[in-house]
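Undergrad: quick one: sequence plus predicted model below, questions after.
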Amino acid sequence: MMQQVFRILVINPGSTSTKIGLYENERCIFEKTIRHPYEQLKPFERIIDQCLFRKTLIVKQLDYEGINLSKIDAICGRGGLIQPIEGGTYEVDDAMIRDLKIGLNGEHASNLGGLIAHEIATSLNIPAYIVDPVVVDELQDIARYSGIPDIPRKSIFHALNQKAVARRAAKELNRPYEQLHLIVVHMGGGITVGAHKQGRVIDVNNGLHGEGPFSPERAGTVPAGDLVQLCFSGQYYIDEVMKKLVGEGGLMAYLQTNDAVEVEQRIANNDEVALEVYDAMAYQVAKEIGSISTVLKGKVDAIILTGGLAYGESFVQMIANRVAWIADMIIYPGENELQALAEGALRVLSKEEEAKRYQNFVEKSGRSFHV
Ligand SMILES: Nc1ncnc2c1ncn2[C@@H]1O[C@H](COP(=O)(O)OP(=O)(O)O)[C@@H](O)[C@H]1O
Ligand SMILES: CCCC(=O)OP(=O)(O)O
């Protein structure tokens, strides 16, 4: 019998890029990364305000490539800061749209994935999905302690790509993901370092709201007391302080760019400041890897480096110099997110799985919801 072919459009908005892909079942037939320099997104006060801008770029790009939207069966977007849920493929429903729009757990470009997918899908009368959103929560209970009971630690990370590359590594190591102990380090606009124990991410830094290494556009962990002083100094509005943590922190703050390629060019031109800042970022990534190796009690089958920064050979080398003694390292530059989105949607379209309903999680958690 001939296998049915589903055409799936996938949309992955990140903090520094929008990536799109077109798939026929699991085969990628087109993919494109649209980069967003800092200045391009600066005029948008809130992330949600970028929705129309990014959607228009996507539709124009598809049109330019001659891709006929009417022949698409489903659209799948990266999932954002909704309420913590288990992994899987979810149909975008009204409850999800509301939580993505308000940014229930914060503001990040991933909130736009489900919204743009839904908007385009509605006009085509086809379903829209998200897969493994950034709030997938598999933390072990001990990892939730922060030291302040009112502020439990949260699982906010590159769940989609961390899971996808962990499974890819498991295949290459010829062992089930569910038997491995892995440290996965996603290094994009934000940086997250996850401890994967037997198929679950039992601890990970909250890569959005000030935990872990600084990154191209984020501050990471900062001295808490000094941050409180800054907040109450009367010099800044809340949005300005938030921007120091997310959007204008890290490389942006030290070097006025979130583009690591540019930083590497500056280093090649003997810019010593650029080299020191880049090395400091690698130092912090290495420290986080060392720290999380204790969560796995030192039993680490592999350390996986992935995300855009993993293309930077010198950056990878700076990290490897400090952590290669912990375990073997596997480098997967870029990310498997588009593929993972397509495969998640395909599992539902081919009826291998049923799409999960976000509304059910909202009801179970006791949060009321009115359209
Ligand atoms: N070839 C490369 N060498 C070094 N850094 C790179 C390369 N390609 C992309 N990057 C950097 O990776 C970062 C973005 O990573 P990416 O995973 O695309 O992030 P996001 O999904 O958050 O937009 C940027 O700082 C970008 O400059
Ligand atoms: C919110 C965690 C995911 C994240 O930081 O993604 P980007 O690196 O794409 O901004």
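TA: Yep, that arrived. Ligands and ions are numbered 1, 2, ... in the order given.
Undergrad: the residue in the chain positioned nearest to ligand 2 - nearest residue in space that isn't next to it in sequence?
TA: In the chain, no residue comes nearer to ligand 2 than Gly190, which is 2.6 Å away by Cβ to the nearest ligand atom. Bear in mind the C-beta positions are built from the backbone N, C-alpha and C, glycine included. Nearest residue to Gly190, sequence neighbours excluded (Cβ to Cβ, 6 or more residues apart in numbering): Gly207, at 4.1 Å.
Undergrad: with Pro37 instead?
TA: Asp259 (7.2 Å).
Undergrad: give me the buried positions along stretch 157-174.
TA: By 16 or more other Cβ atoms under 10 Å, the buried positions in stretch 157-174 come out as 157-170, 173.
Undergrad: out of those residues, which touch ligand 2?
TA: By Cβ under 6 Å from any ligand atom, the members of the buried residues of stretch 157-174 lying near ligand 2 are 157-158.
Undergrad: next to ligand 2, which bits of the stretch 1-150 of the chain? Give me the list.
TA: Selection of the stretch 1-150 of the chain residues close to ligand 2 by Cβ under 6 Å from any ligand atom yields 14-15, 108, 110, 134.
Undergrad: I'd like to know which of those residues is nearest to Lys244.
TA: Of all these, Ser15 has the smallest distance to Lys244: 14.8 Å, by Cβ to Cβ.
Undergrad: now for the residue nearest to Pro37, how many residues are close by?
TA: Number of residues near Asp259 (other Cβ atoms under 10 Å) recorded here: 18.
Undergrad: Gly189 is in contact with that one, correct?
TA: No. With contact defined as Cβ atoms under 8 Å, Asp259 and Gly189 do not form a contacting pair (10.3 Å).
Undergrad: contacts only, for Gly308.
TA: Shown in contact with Gly308 (Cβ atoms under 8 Å, 6 or more residues apart in numbering): 16-17, 187-188, 260, 333-335.
Undergrad: in a strand, Lys19, correct?
TA: Yes. Judged by DSSP: H, G, I helix; E, B strand; the rest coil, Lys19 forms part of a strand.
Undergrad: list the contacts for Lys71?
TA: Here Lys71 is in contact with Arg7 (Cβ under 8 Å, 6+ apart).
Undergrad: so where's the chain shaky on pLDDT?
TA: For the chain, the stretches with pLDDT under 70 are 1-2, 367-371.
Undergrad: just the strands in the protein please.
TA: 7-13, 17-24, 27-35, 74-78, 89-91, 128-131, 181-187, 191-197, 200-204, 302-307, 329-333, 356-357 (DSSP state E).
Undergrad: now the second one: buried residues?
TA: When neighbours are counted by 16+ other Cβ under 10 Å, the buried residues of strand 17-24 are found to be 17-23.
Undergrad: report the buried members of the contacts of Gly308.
TA: When those are checked for burial by 16+ other Cβ under 10 Å, the buried set is 16-17, 187-188, 260, 334-335.
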